Every structure is written in structure tokens, then in C-alpha cells.
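Visitor: What follows is a protein structure lacking sequence information:
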């Protein structure tokens, strides 16, 4: 279902003019995580200005033997607000993987959609003159590296490369995606809680099967939808919820934020006191880089893996978890994630139990996610 | 001075019969660190039994173009007592460095002298059928990876390779030895506080200049010295102090040990209440894997980089910091380290100030180490 909604928005390339829209849209899809979009957008726009627009390749158009190298930043979004990302580091981690395989990449891809991790792959693709895959490894943002669709499809996380702005590089060959996460997290903390990273390199055939489809295009179109609603008489948050196939679950004011940077993550919760039609209820949002669970008056109303998104009440502009502040008037939305996260394998990796929440996984509409289906891997693989 | 004492004991090879002596002697030179010697000795003896004695190459006999790969274990000695080392991991880290340079090693060497880190390189050399350099990177044991003579001589710490028993491997290219330490420590903690490591690979010419000379041979002969004293009427601790060119600074009973495993290190202090001729004074020993400072009744009597060694009062057998226990009757010895640690560059890296002790560096004999000389690097380099 998610895929069909998103396919309508397909684009052929990204110009620097698209970036402003894309960053805001990607911050929506990032569910509060993936790092602040503003600076990442400047970095991507700057590279496009210097090197020209970035071609987008749809998943269905990827040749079997394409060599796709995903790239992202790892660390705490709270840190990346102050310590800027460096395109040279992105190129270095891509080059480390390419050197390992002795093969140049044919395409770059995002590991996740969300703030800075949507825009950094654009910057890398622009600098390298390579097409960017209009697909990503999650379809939203998640806080840990094993929480990636390629992992469900048994694509190895290693070789995984990391680099920092001082010139340190690390090449990891981990026995599992969970081990890759564990090692990468410590290394990223050493590198100042923010580093460039590449992992899950794959063939075009593998990418077609496992990546989430069309979210870069969707990110750009989301913001146009919101702008149209604002220009007309519509409620931009309602328009956004409709575009994502979801709903608004709360309207209110942020009255408390508890946040700590721990083990390389931005952990915490925010309290949103209801206003207007929600005046009688209070919502608590629980996040680990991304929003993971929302409770209304002590009752769980939605959980990971479906999307929980906080937007400004007036403009429907997304608010990332590190930017939640006392006094903000917000709407809280839920929307469906890539349906493969609701399989047995998906819920084991990103369900509420993994994050320590003692609750069943709830869909965006409040129904229980049973995880009864299994991931199906095509015989082609 | 140190070098000339030690040169007298030169050996041509190590048999499995030598290992028992070597481990005890290396634990003496390890100044309480380097991991418990017993299990490492079994591992080395087992490999020699399977693959034959290990040839020792003296530093002076290393050809200019030899390719020396040092190998060791990194982690907390407290952990390595329970989680055994794996020779396969040692071979893997050596192979990673060799692959990086596309050159097979001609010699293996210890990174440091001390407990398990003296014996693991023997096991690796035996398995590989390669000669072992009778020299090491420190001349004693120190807790951090930048605390290595090659670092004073500007030999790069990277490429640095790590491996654990589950099959994870990491190759680090760090911008400095200090960065290598920082990254390796976190990775080692992830790997269960104990991992195989290789760093400071170098040519024969570099090894001749920077490594500490002859300590594997010395380690074997130390124990013979002690045994001779015990067989005769001599005091074995006195004989040991004499062999090392040092002195006994305290005799007493361990009455308290405060120990914690933190950031991958075994940190703590031990209180030794004086007995016999030292009955009127109490000594506190401060350690971070290795013994770093000794205070008598609140007055500093010796500090890093010179050696502080705790031995059993009756047998002069060394006691590593993780094996310090209430009730042990001990003698505390000091002895000179490799004199290059007393240069300006050496004290900056391993002087008491680095470890947070607010005291000047004191020689083994209580005189102040001024650090007025600089490391001299030959023009040959």
C-alpha cells in the first residue's frame, strides 16, 4: 500500500531547487530522526550547484549487475546540529567499500529517509557524478543499523566503512548486522558522536528486491502538498496525513521534553498537552533519535514500526526530536511504514519489544500488528 | 644501562620448556600488567609442541628490509582470565596487516613484555613458522597503545587490525597512535573486553632503532636467577631486584584492594601494610592494568615510567594487578625502564602527569626524572 501511494510522485532528477522541499519532506518521513534537515540541505544544494543535478534511478530501472553503495551519517542528531557533516568523509567511506570489492559504484543510495540522511547521499552522488537510487533501506528512519530492510533480506551489512573529519577511517567486517551496529556505534561515539558510514553495498538485483521504493520523490512532493493546502483553505496537517495514508492522533502544546545523549543516541520523551478538540487528553512521545511510541493518557495509541510524526500546528513543518521545545504548538500524525516491517522478521528487529516497550505493536490506525507473515525472498536472489 | 644488563641473557630459540620460565619472567617485566601469564603460557607451549621451537632473532641481526608485524591482546586482564585468547584471532590480525601491505611478514614481535602479551606472539610465530624478534615495543607493559617506543620514533600505529573469537574483524587507519588507542579501546570493549590486535608494523631497520632489546631472553633468565637464589640461601626478591638493576622498596601484607573494570581497563589501588623492617610504614600501589605509582605513608616513592613490581614474599613470583588479593605477603620492587622513556617525548606519553597523578616523575631510586633529553632518530630512517 505504501509503495503504491508513493510511486505516483516519481521524479527523474533532483535540482538544487528541489532540495528545500526534499529536506522538509524527508524530515517528515524521518519520524523525528535522521538529523536536522537544514544543514544537510545546504550541503546537498551546494554540491548540486557545483556539479549539476543528480539523476534519480527508480528501483525498477536498476540493472541486475548495478553496484549500489549506500551512504549515510551515524551518530546523535543532537551533535550533528553543531558538528557539520563533511562530503569528503562520505566519499572516503564509499571509496573504502569500492576498494574492498575492487569495483567502482554505479549508483549511490540512501540507507534511510530522514533529515540529513536523505540529503548526504545526494551530495555524494552529485560530487561523484553518479545516479542516486530513488529508494532507501528503511522507508523511514530508525535508530540502529540492523534496522534495515536489506538485513531482513540477508544482504550482508559488511564491509562497513566509517570515516571522520580528522582523517580516521575504520573498515569493519562484522559477523552480523547487529554486530555491525554495536561496533559502529562505539566507533561513532569516539569519532565525536557523528561520522560518515557506508554499509549494505549490493547489486541492482538485490536493491530492487529489498529497498523501499520512491521516497526521495515522495519527500519532494509531500511539501508541495502541504504548500497547496496552506495556499488554499485546507489544513496542511490533514493534507499531509492524507498524502501519507495516515491520520492526526493529537493536537497540543509541548509542555516538557526530557532528553539525554547516551551511547551515541538522543533518547527521551516529550509531553504534549492537548488543545482544541484534544484539550482533554495528554500525549507522551517516546523517542530514540526517532519517535517510537505515542501514549495518550497512559494508553498506547501507536508504536514502531509505523510512523509517528510531529509537525508544527500552523505550517505542518516537521519537528525532529532534537528540536522539540517547550511551548511548540504541534500536531502528531501516524502513518503506515513499509509493509515488510510488519512481518515476523521485521517486528523482531524494530517492534516495540526490541526497544524495551512492554506493548504489542500497534498499526498507525490503532489495530494490532500481528507479524504473522514472513519476508519472502525471491528465488532469483 | 638497562639494555646492557639484559643483553647478557640472549637466547637463540624458545622451546616449550622455556615457556614456564618466560611467563613468570615476563609477568615480572609486565609490572603487574599484560594479563595473567599462566594461560598464555599454556597456549604458547601448546603451539610449540605442535609446530616446533620458535627461533629468536636479536634486533641487531634484523635485516633492513625485514617486515616485522607486532601482535598482542588488548583489553582488561581481569577479563582475559575467564575469556581465553584464540591463536586464530592472532593470525587473522597479522594477515589483515599483511594483506593491507600485500606483503607477508618475515618476523613477528611482541608489542609489549608482560604476561599474556609476551606469550601470544610466541604462539603466533610458532603456528606461522616465523622467527620472533627478541625485542618489544615498550620494554615493560603499559596500559595504552600509544605508550609504545615506535610511537616516539614516529612509526605509524596504523594500519591497526583487531579480531574477536566470533569472527568480527576491524581494520583501523587512525591519524595518530592516540586516536588508534581511542578507537581500539572501544572496539575491544565491544568485542568483550578482550581482542587480538596488530599495529606498528615496521621494517627491520625501524625495529632495530625503536624496539626495546632482548626482553624475551631476559624473561627466561630472570626466573633462573630467582630459582638459584631460592635453591641457595639468598633472598629471591633481592636477587630479582639485583638482576633488574633495581631495589626492594617495601615488604608487607596486602590489606585492601579496590579494583574496577572501567573503559576496558582494570583500574584500582592496593594497600600494603608493612611488616618486618617495613613494619612502621604502609604503601599504596596505584594501577591501571599496570602498577603506575607507589606511595609510602602518603609520599610518592616511585612512578611510571620506571617499573614497580609486586612479588610473592617467599618465592619472588610476580603478582599481576588482577591477582592482588587480601592477605598476600608481598615484596614491592622498583627497577629502571628503557631509558628512552625518560626523554621529554617519553615522559609526555607515559609520565605520571598523563595518568592524572600530580607528582613529578621519580626514578626507581627516588631521584627526579627531569626529561631533559630528546629522542634521537638516526638519519638512516
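Guide: Yep, that arrived. Small disclaimer: the values here were computed from a predicted structure and weren't measured. Numbers count the residues shown, from 1 in each chain, chains lettered A, B, ... in the order given.
Visitor: Centroid-nearest residue for chain A?
Guide: Chain A has residue A:141 as the residue nearest its centroid, 2.6 Å off, counting by Cα atoms, centre = their mean.
Visitor: quick one: what helix or strand has it in it?
Guide: With elements taken from DSSP states H and E, nothing contains residue A:141; it lies in neither a helix nor a strand.
Visitor: Same question for residue A:38.
Guide: Residue A:38 is located in helix A:37-51, with elements delineated by DSSP H and E.
Visitor: tell me the average confidence for that helix?
Guide: Helix A:37-51 carries an average pLDDT of 93.
Visitor: can you check stretch A:139-159 too?
Guide: Stretch A:139-159 shows a mean pLDDT of 96 in the predicted model.
Visitor: Stretch A:204-215 now?
Guide: 96.
Visitor: For the residue nearest to the centre of chain A, which residues are in contact?
Guide: Contact analysis of residue A:141 by Cβ atoms under 8 Å, 6 or more residues apart in numbering or on different chains lists A:29-34, A:112-115, A:117, A:289-290. C-beta coordinates here come from the backbone N, C-alpha and C atoms, glycine included.
Visitor: Could you tell me how far residue A:231 is located from residue A:67?
Guide: For residue A:231, the distance to residue A:67 under the criterion Cβ to Cβ, to the nearest Å works out to 43 Å.
Visitor: Skipping adjacent residues, who's closest to the residue nearest to the centre of chain A in space?
Guide: In space, residue A:141 comes closest to residue A:114 once its chain neighbours are excluded; the distance is 3.0 Å by Cβ to Cβ, 6 or more residues apart in numbering or on different chains.
Visitor: After the helix or strand harbouring residue A:121, which helix or strand is next? Please name it.
Guide: Residue A:121 is located in helix A:115-128, with elements delineated by DSSP H and E. Proceeding N to C from helix A:115-128, the next assigned helix or strand is strand A:132-133, under DSSP H and E.
Visitor: next structured bit after that next one?
Guide: Heading C-terminal from strand A:132-133, the first helix or strand you meet, by DSSP H and E, is strand A:135-136.
Visitor: Which strands or helices does that following strand pack on?
Guide: Packing contacts for strand A:135-136, counted by 3 or more Cβ pairs under 8 Å, 6 or more residues apart in numbering or on different chains; DSSP states H and E, involve strand A:107-110, strand A:212-213, helix A:215-231.
Visitor: Tabulate these in JSON lines, adding columns for mean neighbour count and distance to chain B.
Guide: What follows is the helices and strands packed on strand A:135-136, written out as JSON lines (neighbours: other Cβ atoms under 10 Å in any protein chain shown; distance: least, Cβ to the nearest Cβ, whole Å):
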{"stretch": "strand A:107-110", "mean neighbour count": "28", "distance to chain B": "22"}
{"stretch": "strand A:212-213", "mean neighbour count": "24", "distance to chain B": "28"}
{"stretch": "helix A:215-231", "mean neighbour count": "21", "distance to chain B": "31"}
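Visitor: Now the residue in chain A positioned nearest to chain B. Nearest residue, chain neighbours left out?
Guide: Of the residues in chain A, the one nearest chain B is residue A:186, at a distance of 3.8 Å by Cβ to the nearest Cβ. In space, and not counting its chain neighbours, residue A:186 is closest to residue B:186: 3.8 Å by Cβ to Cβ, 6+ apart.
Visitor: ok, now which ones touch that neighbour?
Guide: A:186, A:187, A:189, A:190, B:264.
Visitor: Can you read off the pLDDT for it?
Guide: 94.
Visitor: could you give the angle of the host helix or strand of it to helix A:177-190?
Guide: Secondary structure here is read from DSSP H and E; on that basis residue B:186 sits in helix B:177-190. With axes from the mean of the first three to the mean of the last three Cα atoms, to 10 degrees as the criterion, the two stretches helix B:177-190 and helix A:177-190 enclose an angle of 140 degrees.
Visitor: Which strands or helices does the helix or strand containing residue A:99 pack on?
Guide: Using DSSP H and E, residue A:99 maps to helix A:87-101. Helix A:87-101 sits against strand A:67-75, helix A:115-128, strand A:160-163, strand A:169-173, strand A:194-198, with contacts defined as 3+ Cβ pairs under 8 Å, 6+ apart.
Visitor: Could you give the separation of the third one from the chain centroid?
Guide: Distance of strand A:160-163 from its chain centroid, counting by Cα atoms, centre = their mean, to the nearest Å, is 19 Å.
Visitor: and the one helix or strand residue A:239 maps to, what other elements does it pack with?
Guide: Assigned by DSSP H and E, residue A:239 belongs to helix A:236-244. Counting contacts by 3+ Cβ pairs under 8 Å, 6+ apart, the secondary-structure elements packed against helix A:236-244 are helix A:215-231, strand A:247-262, strand A:307-312, strand A:329-335.
Visitor: picking that back up, compute the distance between the residue nearest to the centre of chain A and residue A:164, please.
Guide: Applying Cβ to Cβ, one obtains 21 Å for the distance of residue A:141 from residue A:164.
Visitor: and if you look at residue A:301?
Guide: As for residue A:301, its distance to residue A:164 is 40 Å (criterion: Cβ to Cβ).
Visitor: Looking at those two, which is more packed in?
Guide: residue A:164 (25 against 20; other Cβ atoms under 10 Å in any protein chain shown).
Visitor: ok, and the closest non-adjacent residue to the more buried one?
Guide: Excluding its sequence neighbours, the residue lying closest to residue A:164 (Cβ to Cβ, 6+ apart) is residue A:191, at 3.8 Å.
Visitor: now swap in residue A:10 and tell me
Guide: For residue A:10, the nearest residue in space outside its immediate sequence neighbours is residue A:217; the separation is 5.0 Å by Cβ to Cβ, 6+ apart.
Visitor: just checking, that neighbour touches residue A:11?
Guide: Yes - here residue A:217 reaches residue A:11: they are 4.3 Å apart, a contact under Cβ atoms under 8 Å.
Visitor: Overlap in contacts, those two.
Guide: Residues within reach of residue A:217 and of residue A:11 at once, by Cβ under 8 Å, 6+ apart, are A:56, A:134.
Visitor: Centre of chain A to the edge, which residue is at the far end?
Guide: Relative to the centre of chain A, the most outlying C-alpha is that of residue A:280, 32.3 Å out, by Cα atoms, centre = their mean.
Visitor: does that one sit in a helix or strand, and which one?
Guide: Secondary structure from DSSP H and E places residue A:280 outside every helix and strand.
Visitor: Pull up the per-residue confidence for it.
Guide: As summarised for this prediction, residue A:280 has a pLDDT of 92.
Visitor: ok, what's across the strand from the closest residue to it other than its chain neighbours?
Guide: Closest residue to residue A:280 apart from its sequence neighbours, by Cβ to Cβ, 6+ apart: residue A:274 at 6.3 Å. Here residue A:274 shows beta-bridge partners residue A:252, assigned using DSSP bridges.
Visitor: again with residue A:308
Guide: Beta-bridge pairing for residue A:308 (DSSP bridges): residue A:334.
Visitor: For chain A, which residues are neighbours of chain B?
Guide: Residues of chain A that fall close to chain B, judged by Cβ under 8 Å from any Cβ of the partner chain: A:166-175, A:179, A:182-183, A:186-187, A:189-190.
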